[in-house]
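# here's my sequence, what's the structure:
(2 chains, ligands or ions: 5)
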Amino acid sequence: MAQTKVIVGLGSCGIAAGAGKVYEELQRIKEADNLDFELKKTSCIGMCFKEPLVEIIDETGSYMYGEVDAKKADEIVEKHIVNFTPVNEYIVKSDVVETKFNNYFDGQVKIALRNCGYIDPENIDEYESRGGYQAIKKIAGEKIGVQDVIKSILDSGLRGRGGGGFPTGLKWKFANNNRSKEKYLICNADEGDPGAFMDRSVLEGDPHSVLEGMIIGAYAIGASDGVIYCRAEYPLAIKRLNIAIKQAREKGYLGKDILDIEGFDFDLYIKEGAGAFVCGEETALIASVEGERGMPRKRPPFPAVSGLWRKPTNINNVETYANIPWIITNGAKEYAKYGTEKSKGTKVFALTGKIKNGGLVEVPMGITIKDIIYKLGGGIINDKKFKAVQLGGPSGGCIPEYLSHTIVDYDSVNATGAIMGSGGMVVMDETTCMVDIARFFLEFTCKESCGKCTFCRVGTKRMLEILTRITEGEGRDGDIEKLEELAYQIKDGSLCGLGQTAPNPVLTTIKYFRDEYEAHIRDKKCPALNCKKLLTYEIIEDKCTGCMVCKRGCPTKAISGEKKMPHFIDQSICIKCGDCYSKCKFDSIKVY
Amino acid sequence: MRVTRINKKEPALKAEAKVDLKLLEPLIKKYKSKKGNLIPLLQGTQSLYGYIPAEAMMILSKEAGLKVSDMYGVATFYAQFRLTPVGKNIVKMCHGTACHVQNAKAVTEDIQNFLEVKDGETTPDNLFTLETVACLGCCSLAPVMMIGDETYGKLNGKKAVEVIKEIKRKETLSQKKSLTENISKN
Ligand SMILES: Cc1cc2nc3c(=O)[nH]c(=O)nc-3n(C[C@H](O)[C@H](O)[C@H](O)COP(=O)(O)O)c2cc1C
Ligand code: SF4
Ligand code: SF4
Ligand code: FES
Ligand code: FES
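Numbering: from 1, shown residues only, chains lettered A, B, ... in the order given. Ligands and ions are numbered 1, 2, ... in the order given. Model prediction:
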C-alpha cells in the first residue's frame, strides 16, 4: 500500500492566506500522534480563491481541501487519515468526489503549468520524475542540431507570452544568425502589470521548467551566459530560483559541456529588479542589467543584434521559456494542435477582480472570454452584472460584456482595441466606474514613464489631470475630444511600448462606455456610484426612524433632526464621506 | 551653556551612531570589480540601513569608483530606493488593479486617518511608514497589504486598522518593558 501523501500549497498567496501555519500544524500532529503519512510542499495549484489548499492523496484517489486553517487541518487529519472518511464539505477538487468546481479544471490544458501544484519546486528529483530535463537530454541524446531545435519552435507556432506576441522561433533564428562569440540569453521575469501573477506562479511552482527552457534557448542561439531579471517584490520566486540553479549546476545541466554536448557551456544568474515598470521593456531591462537607469533605447538595433553589453541577446518571457521543454519533448505538432490558426498553444491567465473563482488558469487559445469568466471563473461575485474585462493591464484595454464572445487569440483581442498582454484578466461588474479605471491606469503609466519622451512624460500627465477632473465633477465639454487628441499624439510621439500603449485604457473605455464619460461631464453623476464627489446622500423620510446614529457620526454636522423624527441632510454642507450611509441600520439613506 | 553645547554636538553624534559605515565593507568587496554593480550595491546598502544614507554613497563612490551623480540618478529612478530613513514597520498597501477594483483606496484612507500620515510618510514615533505599491502578487486575496514579511488579505478599512493597532500595542508594550528593564538595571 502506498503511503498517504498530504501536500500543502505554499505559494506566496497560499502563505499569505495562512498555509504556513497549516503546514506547521500538520507537522505537529503528525509527530505528536505518530501518524503515518508523508507531508509535502508544493506551490500554486491554481485555485487561489480557495487558499490555503491541502491535498490528500491516498490509495482511493486525490482530495483537495480548500480554505483550510489549523483547526480544520486537525479535523481533516482526524477524519480522513485516521478514520478513512473524507470530509466532503471542505473538498474543492477531487477525482473521486463531485464538487461544484470541477468545471474550473475541465476547461484547462496545462502545458506551461504542467507541474505547478504537482511537485515540490525545491526538489529537482520531482521535476525530473515528471519528465523534467528530458527535452535537453533528448537534444543531447539524439544529437538534434541547432537548426532543428529552432525549426521545432517555429513549427509549434509559439509566440512570446510577455505581451508582444512575436514568434519565438523567429527571434531565436535572428539571434542565431549572428556570428558573435559572445551572446546572452535573458529571461524577463519583471512582471510589471499590476494585477497579474502568472510568471510569479511559474517561478515559484516550477522554476526548473524555466531553467530548462533557457538552457534549450541558449543551445539554439549559442549563448553562454544567461540572466533572469526578476522583480524584487517576488522574494519567494527568487529564493526558489536560486535553489533550482544550484541543483541544476550540481546535476550538470548548467556549466561546461552540458550533457556532453561538446562546447555547449551555459550558466546564468539572477538580477533583481528595483521597481520600475518600464524595465519590463526589453531595452530598458538591458540598461537596468548594465546598472543604469532603466530607460528604453532606440530600436533598431534590436537586442538580437546588439543587446546586453552591445552583444547579440535573446529575451523571452518566463511563460515562453516554460513552454519550450514541453514542445521539444512532445513535438511541435502536438503543441500546434491547440489554438487558432495564428495563435497556437495555450495561454495562462490570472483571473482577478469581481470574479467568484479568482485564480490561475491555463486555457487553449481560441476559447471565448465568456467561457473563461462563466465556466471556469464561476461568474461574478454576488451574481452582479458583468460589465467589462480588462486585458493587458496598463497597456491594454477594456472589453465590454457584449463583446465577451471574443475568442482569446492575438488578432481577435487586438481587434477590440485591447491587447492579449501577459495574461492579467481583471473582471469588473456594474459597481466599477470605467472613467475611474481609465484614470487609475493613467496614474500608473504617468508615474512609471521614464521621462525620455515629452509626449509620454507630459502627455500622460495632462490626460491624468483631465480624467481626475472628470471624476471629481469638474469635467468640461470637449474633454473627451481632448483626451482622444492627446491619446493619438502620445501614441505617435513615444519611443517605447509604454508610451505607445498608455492611452489604450482611455481609448477603449471611451469607445465602449462613452455614455459613462458623458454622465460624469454633463450630468455630474457617476452611474456606477463610485466617484465620491459625484454622489448625493439623501435620507428617505418614510424609512427614517430617527435613531440619530447618522447625526452623531457626521463629521461636518450636515445632518439635523429630532429624536424619533425623520432626519435631513443639508447638501450644501455634506462632504460625501458616506459615513451616515454605512452606519444607518434601517437602510434609510439612499445614494445616487 | 551646557545645553547649547550638547545641542551643537548632537547631530554629529547621532549620525555616527546611526550609520555604521564599516558594514559596507563586505558588500563593496563582493561587487567592486563586477560589471553593472551599481544597482546591487545600492540594493545591498539599503538592506543594511533601510535606506541609502548620503555618507554611504560617498564611501561607495570612493571605494568602488562610481560617480555620486550616477548613483543619485539611479536611486531616484527606481521606486525601490529610499534616501531617507523609514519607520520600524513599513505598511505596503497594494494599489494594483485587482486591489483597486476591490476598493483598496478606501482601505488606504482609513489607514491614513488612523496613522495621520500620507503616502510615503513616517509616523512621528517612527513606528510606521505608509507606502502604496502596485501588486504584491496575491491578487486573489485583494485588497492586500504587507507589513514586514506578513501579508494580510481580504481587507477592509476596519480590519487593516485593527492589524496596525495590534502591532502598535505590541511595540509600545515592548518599549515599556525595555524601559523598565533599563531603569531596574541602573
Ligand atoms: C512598458 C513595457 C513593459 C513590459 N513588461 C514586460 C514584463 O513585465 N514581462 C515580460 O515578459 N515582457 C514585458 N514586456 C515585453 C518585453 O519588452 C519583451 O517583448 C518580452 O519580454 C519578450 O519576450 P517574449 O517574446 O517571450 O514575450 C514589456 C514591454 C513594455 C513596452
Ligand atoms: S515612451 Fe515613455 S517610457 Fe517609453 S521611452 Fe518614451 S518616455 Fe520613456
Ligand atoms: S441612521 Fe438612518 S434611521 Fe437613524 S436617523 Fe439616520 S437616516 Fe434615520
Ligand atoms: S493557488 Fe495559491 S497562488 Fe494560486
Ligand atoms: S493587485 Fe493587489 S496583490 Fe495584485
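
# need the contact list for the residue nearest to B:Ala104 when sequence neighbours are not counted.
With Cβ to Cβ, 6 or more residues apart in numbering or on different chains as the measure, B:Pro143 is the residue that lies nearest to B:Ala104, at 4.1 Å, once sequence neighbours are left out. Any C-beta I mention is one placed from the backbone N, CA and C, and that applies to glycine too. Going by Cβ atoms under 8 Å, 6 or more residues apart in numbering or on different chains, B:Pro143 touches B:Met93, B:Cys94, B:Cys99, B:Gln102, B:Asn103, B:Ala104, B:Val107, B:Gly153, B:Lys154, B:Leu155, B:Asn156.

# I'd like to know which of these are buried.
Buried members of the contacts of B:Pro143, counted by 16 or more other Cβ atoms under 10 Å in any protein chain shown: B:Met93, B:Cys94, B:Cys99, B:Gln102, B:Asn103, B:Ala104, B:Val107, B:Gly153, B:Leu155.

# now the fourth one: closest residue in space that isn't a chain neighbour?
The reference is to B:Gln102. Nearest non-adjacent residue to B:Gln102 (Cβ to Cβ, 6+ apart): B:Ala142, at 4.3 Å.

# pLDDT score for that neighbour?
Looking at B:Ala142, its pLDDT reads 91.

# pLDDT wise, what is the closest residue in space to A:Cys13 that isn't next to it in sequence at?
The shortest distance from A:Cys13 to any non-neighbouring residue, by Cβ to Cβ, 6+ apart, is to B:Cys138 (4.0 Å). Each residue has a pLDDT score; the one for B:Cys138 is 86.

# thought B:Cys138 was touching B:Glu150?
No: with contact defined as Cβ atoms under 8 Å, B:Cys138 does not count as touching B:Glu150 (11.7 Å).

# neighbour-wise, which of these two wins?
B:Cys138 (29 against 12; other Cβ atoms under 10 Å in any protein chain shown).

# for the more buried one, give me its contacts.
Per Cβ under 8 Å, 6+ apart, neighbours of B:Cys138: A:Ser12, A:Cys13, A:Ala16, A:Ala17, A:Phe197, B:Val144, B:Thr151, B:Gly153.

# can you list the weak-confidence ranges in chain A?
A:1 (pLDDT under 70).

# got the residues of it near ligand 4?
With Cβ under 6 Å from any ligand atom as the criterion, chain A meets ligand 4 at residues A:9, A:11, A:13-14, A:44-48, A:51, A:201, A:359-360.

# how many residues are close by the residue in the stretch 201-350 of chain A positioned nearest to ligand 4?
Nearest residue of the stretch 201-350 of chain A to ligand 4: A:Ser201, at 5.7 Å (Cβ to the nearest ligand atom). Using other Cβ under 10 Å, A:Ser201 has 29 other residues around it.

# look up phi and psi at it.
Taking degrees, to the nearest 10, you get phi -70, psi -40 for the backbone angles of A:Ser201.

# repeat for A:Ile270
Residue torsions, per degrees, to the nearest 10, at A:Ile270 are phi -100, psi 140.

# that one and A:Phe101: what is the separation?
For A:Ile270, the distance to A:Phe101 equals 35 Å [Cβ to Cβ, to the nearest Å].

# now do the strands in chain B.
All strands of chain B, identified by DSSP state E, fall at B:89-94, B:128-133, B:145-147, B:150-152.

# would you reformat these as a markdown table and include mean pLDDT and distance to ligand 3?
Below are the strands of chain B laid out as a markdown table (pLDDT from 0 to 100; distance: least, Cβ to the nearest ligand atom, whole Å):
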| stretch | mean pLDDT | distance to ligand 3 |
| --- | --- | --- |
| strand B:89-94 | 93 | 30 |
| strand B:128-133 | 92 | 31 |
| strand B:145-147 | 92 | 30 |
| strand B:150-152 | 87 | 30 |
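
# chain A versus whatever residue of chain B ends up closest to ligand 3, what's the distance?
Closest to ligand 3 within chain B is B:Lys158: 18.4 Å, counting by Cβ to the nearest ligand atom. Noted for B:Lys158: a distance of 10 Å to chain A, by Cβ to the nearest Cβ, to the nearest Å.

# could you point out the longest helix of chain B?
In chain B, assigned by DSSP state H, the helix with the most residues is helix B:157-185.

# give me the distance from that one to the chain's centre.
18 Å (Cα atoms, centre = their mean, to the nearest Å).

# what helices or strands is that helix leaning on?
Using 3 or more Cβ pairs under 8 Å, 6 or more residues apart in numbering or on different chains; DSSP states H and E, the elements in contact with helix B:157-185 are strand B:89-94, helix B:104-115, strand B:145-147, strand B:150-152.

# closest to A:Met463 out of the ones you listed?
helix B:104-115 (19.7 Å; Cβ to Cβ).

# near ligand 2, which residues of the stretch 51-200 of chain A show up?
Close to ligand 2, as judged by Cβ under 6 Å from any ligand atom, the stretch 51-200 of chain A has no residues.

# report the central residue of chain B.
Centrality entry for chain B: nearest residue to the mean C-alpha point is B:Val86, 3.5 Å, by Cα atoms, centre = their mean.

# that one and B:Thr129 touch, don't they?
Yes: with contact defined as Cβ under 8 Å, B:Val86 counts as touching B:Thr129 (4.4 Å).

# which neighbours do the two have in common?
Common neighbours of B:Val86 and B:Thr129 (Cβ under 8 Å, 6+ apart) are B:Thr122.

# with adjacent residues omitted, what lies nearest to the closest residue to ligand 2 within chain B?
Relative to ligand 2, the nearest point of chain B is B:Phe77 (11.1 Å; Cβ to the nearest ligand atom). Among residues not flanking B:Phe77 along the chain, A:Arg293 sits closest, at 4.2 Å (Cβ to Cβ, 6+ apart).

# looks to me like the one you found is in a strand.
No: if the criterion is DSSP: H, G, I helix; E, B strand; the rest coil, then A:Arg293 is coil and not within a strand.

# and it, how far from B:Gly73?
For A:Arg293, the distance to B:Gly73 - Cβ to Cβ - is 6 Å.

# identify the contacts common to these two.
With Cβ under 8 Å, 6+ apart, A:Arg293 and B:Gly73 have no common neighbours.
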